[in-house]
Structures are given as structure tokens and as C-alpha cells.
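A.B. asks: from the sequence below, what's the structure:
(one chain, ligands or ions: 2)
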Amino acid sequence: MKPYQKILIRECNEPLIPIPLEKFAVELPHPYEKLGAEYGQRSPYCLRQGVVEALEMAQFFLGTSHPGWKLKIYDAYRPVGVQQFMVDYTFDLLLKKHHLTPSTVSAQQRQNIWEQVYQLWAVPSIEKELPPPHSTGAAIDLTLVNSYNNVIDMGGEIDELSERSHPNYYQKSKQLVEQQYHRHRQLLNQVMTLAGFMRHPGEWWHFSLGDQMWAWLHNQQHPENILQARYGRI
Ligand SMILES: C[C@@H](N)C(=O)N[C@H](C)C(=O)O
Ligand SMILES: [Zn+2]
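C.D. replies: Ligands and ions are numbered 1, 2, ... in the order given. Next up is the predicted model:
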């Protein structure tokens, strides 16, 4: 169990609604659907109503400092079944990367690979108190595009299993290009934070508002004003 999963959830029953995609840039086709993940009737481009409103606010803040730039949505709502699919997919990917198969992998190697998987992905738990963040409709993975719709280089890909995914990976770099990556990560964080989101401490692209991770991160910064989560699994 991760520390943020100790946060109590007081479900507010706000609806999951479609993100108005015409206002944003969007990764299409959806990266996990492309891999074969099945979403049923719900689109991955949905979020809780209050989260969609905050996202629109973040986009507004971005446009005021960087005219024409947009948030580029990579992933949002993710049913637990898709979380399971992506966890299994990542495990298989790592097996292949190490030239292993299910029949040749040792118990120790298997455990090391699972540890790597869960460094990046939340556990696909179906327990109500332990929802994977994206299954609450309160988490989003995203990046930035400029006014020519070119994706801004953040010095790493979304979902990359490497040290570069850490938000401050380039913070102390002396290289100009890497300082620029850091500034772009900061810009994304700044507009999202202004709108009320909190960034995942290990992933520059993952933000949430109102879920357990958001409340936990908020409470670390504001121990005088302890919050609970308002969005559980949906
Ligand atoms: C891996 C990335 N897309 C992501 O969303 N990670 C978080 C921790 C998750 O799985 O909820
Ligand atoms: Zn995420």
C-alpha cells in the first residue's frame, strides 16, 4: 500500500463527463486503445465535472502566458480493467527487453520486473478504498503543444520507465537544452497547480485533483489544513 492510499475517500458523486476535446490538443488514436485496451461504453477522454472545469482553467492560464499553446491530453479516465491491461502489458514489455519469457524468468527476476512496473503504474486494485488514480476520473496525463501544434520537448516520453520521468530530473543540468526541458516541465506544473491540480512526485506528466494522491500531496504541504479525497473509483 502506498502512503496516499491511507487517505479517506468521501465520494461526492460528481458525474464523469466528456472532456471538450475541441478546446485542447489530443493524442489520437488513444495510446492504450491502440495497444488493444478495452474501455466499454466510457471514453478514456472523460473526467469528473470539477476536474474538467479545472482543466479548462489550466488551459486558460497557459494561453495567457503563451498565446496559442495548448494542453495536449494523453490519457484521463481509465477503468480498473485497463489499468490491469497496462500493468500486464508493461510487465511483458520488460520481459522482452531483458530477453526473458514466462518460462525462463526466475522468481527473483520476476519480482524485480514487478517492482519496476509498480514504480510507474498504480496497482489495479478493485478494493473501494484503494482505487487506481485514473479510475476515479480525477487524474490526467498530459503535455504541451505550441501554437504550431508541435509537441514541446520535455526531455522524455510519457510513460517512460526511466529516471528521466522524475519531474526534477533536469533541474541541476548545466546544458541549455536540458534547462529548457526543465522550464517546460515547470510551465506545465505551474498552470496545472494554479488550476488546483497536484503533480505526481515521480511523473512529470501526471496530475490529479480531488483523488487520494491529490489530498495526500496537499496535506504534506499544508498539515494545518488536512483534506480528504472527494473522488473514489467510478
Ligand atoms: C504510468 C502513468 N500513465 C500513470 O498514470 N501512472 C499512475 C501512477 C497510475 O498508474 O495511476
Ligand atoms: Zn497518470
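A.B. asks: and the closest residue to Asp159 other than its chain neighbours, how far is that from ligand 1?
C.D. replies: Nearest non-adjacent residue to Asp159, counting by C-beta to C-beta, 6 or more residues apart in numbering: Leu120, 6.9 Å away. From N, CA and C alone the C-beta is placed, and that goes for glycine too. For Leu120, the distance to ligand 1 equals 5 Å [C-beta to the nearest ligand atom, to the nearest Å].
A.B. asks: residues near Leu120, how many?
C.D. replies: The burial count assigned to Leu120 is 18, neighbours taken as other C-beta atoms under 10 Å.
A.B. asks: surely His30 meets Pro44?
C.D. replies: Yes. His30 is in contact with Pro44 according to C-beta atoms under 8 Å; the separation is 5.2 Å.
A.B. asks: in this protein, what residue lies closest to ligand 2?
C.D. replies: Nearest residue of the chain to ligand 2 (C-beta to the ion) works out as His206 at 3.5 Å.
A.B. asks: and the gap between that residue and Gln179?
C.D. replies: 23 Å (C-beta to C-beta, to the nearest Å).
A.B. asks: out of the two, which sits in the busier spot?
C.D. replies: Shown here are His206 and Gln179; by other C-beta under 10 Å, His206 has more neighbours (26 against 14).
A.B. asks: got the residues of the chain near ligand 1?
C.D. replies: 120-122, 132-134, 141, 159, 200, 203, 206 (C-beta under 6 Å from any ligand atom).
A.B. asks: using neighbour counts, trim these to the buried set.
C.D. replies: Using 16 or more other C-beta atoms under 10 Å as the burial test, the residues of the chain next to ligand 1 include 120-122, 132-134, 141, 159, 200, 203, 206 as buried.
A.B. asks: as TSV, those residues with distance to Ile73, secondary structure and pLDDT would be great.
C.D. replies: Below are those laid out as TSV (distance: C-beta to C-beta, whole Å; DSSP: H, G, I helix; E, B strand; the rest coil; pLDDT from 0 to 100):
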residue	distance to Ile73	secondary structure	pLDDT
Leu120	19	helix	95
Trp121	19	coil	97
Ala122	19	coil	97
Pro132	18	coil	98
Pro133	16	helix	98
His134	12	helix	98
Asp141	8	strand	98
Asp159	14	coil	98
His200	16	coil	98
Glu203	15	coil	98
His206	12	strand	98
